[in-house]
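Visitor: my questions are about this predicted structure, shown below with the sequence.
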Amino acid sequence: MSLANWVPRRRRKLVSQRLHAAKVARRIVLGADADTLRRRAIHDARGQLLREGRTYRADGTVQHWRVLRSIRGRTDQRDVIIDGSLWRTCGPRKLPAWLR
């Protein structure tokens, strides 16, 4: 809500503060909406382990790999970590065939 410019600034500010306090109180009573809950769930899922395994090679070397939900990227990206270091950040459909 906005007040006319002829109303003194101090009074407009007080009305604005009262309206904001009423909005905050209403929001607390109603609780979080579905979009907020969805965003919180996506944020909490960052870094979640999706797959883990080892690759044994013919020369005797072993690679330990993990696929995690991306910590720094977008919410739908995956981080592939091989032997403790980040190898690639990609989308779920771009994962290499040997990690599916």
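Guide: On my side now, so go ahead. Residues are numbered from 1 along each chain as shown.
Visitor: and the longest helix along the chain, how far out from the chain's middle?
Guide: Looking across the chain with DSSP state H, the single longest helix is helix 9-30. Chain-centre distance of helix 9-30: 29 Å, with CA atoms, centre = their mean, to the nearest Å.
Visitor: just the mean pLDDT for it, thanks.
Guide: Mean pLDDT, helix 9-30: 90.
Visitor: name the helices or strands packed onto the very next helix or strand once past it?
Guide: Downstream of helix 9-30, the first helix or strand assigned by DSSP states H and E is helix 34-44. Contacts defined by 3 or more CB pairs under 8 Å, 6 or more residues apart in numbering; DSSP states H and E place helix 34-44 against no helix or strand at all. Where you see a C-beta, it was placed from the backbone N, CA and C, and this is true even at glycine.
Visitor: could you point out which element follows helix 34-44?
Guide: Helix 34-44 is succeeded, C-terminally, by strand 49-56 (DSSP H and E).
Visitor: just the buried positions in the helix or strand just after that next one, please.
Guide: Of the helices and strands lying after strand 49-56 in sequence (DSSP H and E), the nearest is strand 62-69. Neighbour counts over strand 62-69 (16 or more other CB atoms under 10 Å) mark 65-69 as buried.
Visitor: I figured Tyr56 hits Val62, correct?
Guide: Yes: with contact defined as CB atoms under 8 Å, Tyr56 counts as touching Val62 (5.6 Å).
Visitor: can you give the domain ranges for this structure?
Guide: Here the domain parsing of the chain from automatic domain parsing is 9-41, 47-99.
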